[in-house]
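[1] The following comprises the amino acid sequence and a computationally predicted model.
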Amino acid sequence: MHDTPDPAVVARRVAERREHLGLSEDDLARRAAMAPRYLRHLLEAGPDFDPAGFVRIAAALDDSRDDLLWGRADAPPGHGGPGPHPRLQNLTEAECWEQVGNHGVGRIGLPVEPGPVVLPVNYVVDRRSFAYRTGEHHATAPAEGAAVSFQVDHIDEYLGRGWSVLALGPAHYVDDPAELAHLAGLPGASPWAGDDRPCWVRIRPEEITGRRLIAG
């Protein structure tokens, strides 16, 4: 069950959506069949004041009521805006490894032509290295020994906080049967993207850095 939505946040979503559609406030009021003055009052008072009115506003914006009140569930991070008095703190190497945990989803940066590409992969952490599964000709398959980057991050939309860890180092394919069996047994080893991904790539960072965004 949702808590009561913040009227100021909802009003900001309405304004952003309205501007995206190229509508003035009067245009929106006309579409929603309400007086501009009432529209402004409704946005200040919040959805609980007139739930049906917000249904009309959402329809006028070609949006759903839930997305308008709570934001898109599948929206990229960053829609919540920064927290109060944001600042960055550097992470130590130990803190970087603590943040990335033992598995999750990160982004592999590959040096290919005509320019580098960055792709999401689910990874495992094994003895201070990142490893992930790919196929021989898949987009996430690097050249043996290629210099790559690997990034993992997290954003807390509500608190305006987060962290980011960046690792740099060579990518090597794992071919030892014992190592392959070990990696396959780790939590998070199954490829999220499915398909046949028999190859394991290991990145043992030569450099790992991170930053934490805090607020307040």
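    Yep, it's here.
[2] contacting residues for residue 119?
    107, 108, 110, 139, 140 (CB atoms under 8 Å, 6 or more residues apart in numbering). (Each C-beta comes from the backbone N, C-alpha and C, glycine too.)
[3] Out of those residues, which end up buried?
    Listed as buried from these are 107, 108, 110, 140; burial here means 16 or more other CB atoms under 10 Å.
[4] Run through who's touching the helix or strand containing the first one.
    Assignment of secondary structure by DSSP states H and E places residue 107 within strand 103-110. By CB under 8 Å, 6+ apart, the surrounding residues in contact with strand 103-110 are 100, 116-125, 130, 132, 140, 142, 146, 148-152, 186-189, 192, 203.
[5] mind running it again at 7 Å?
    116-125, 140, 142, 146, 148-152, 186-188 (CB atoms under 7 Å, 6 or more residues apart in numbering).
[6] from what I can see residue 68 touches residue 59, true?
    No. In this structure residue 68 lies outside contact range of residue 59 using CB atoms under 7 Å: 9.8 Å.
[7] More neighbours: which of the two?
    residue 68 (21 against 15; other CB atoms under 10 Å).
[8] Could you point out the longest helix of this protein?
    helix 7-20 (DSSP state H).
[9] Packing partners of the lowest-mean-pLDDT helix or strand in the chain?
    When the helices and strands of the chain are scored by mean pLDDT, DSSP states H and E, helix 65-70 comes last with a mean of 84. With contacts defined as 3 or more CB pairs under 7 Å, 6 or more residues apart in numbering; DSSP states H and E, the packing partners of helix 65-70 are helix 7-20, helix 51-60.
[10] and the gap between the closest residue to residue 87 other than its chain neighbours and residue 49?
    Leaving aside its chain neighbours, residue 87 sits nearest to residue 214 (6.0 Å; criterion: CB to CB, 6 or more residues apart in numbering). According to CB to CB, to the nearest Å, residue 214 stands 35 Å off from residue 49.
[11] What does residue 93 show for phi and psi?
    Backbone dihedrals for residue 93, given as degrees, to the nearest 10, come out at phi -60, psi -40.
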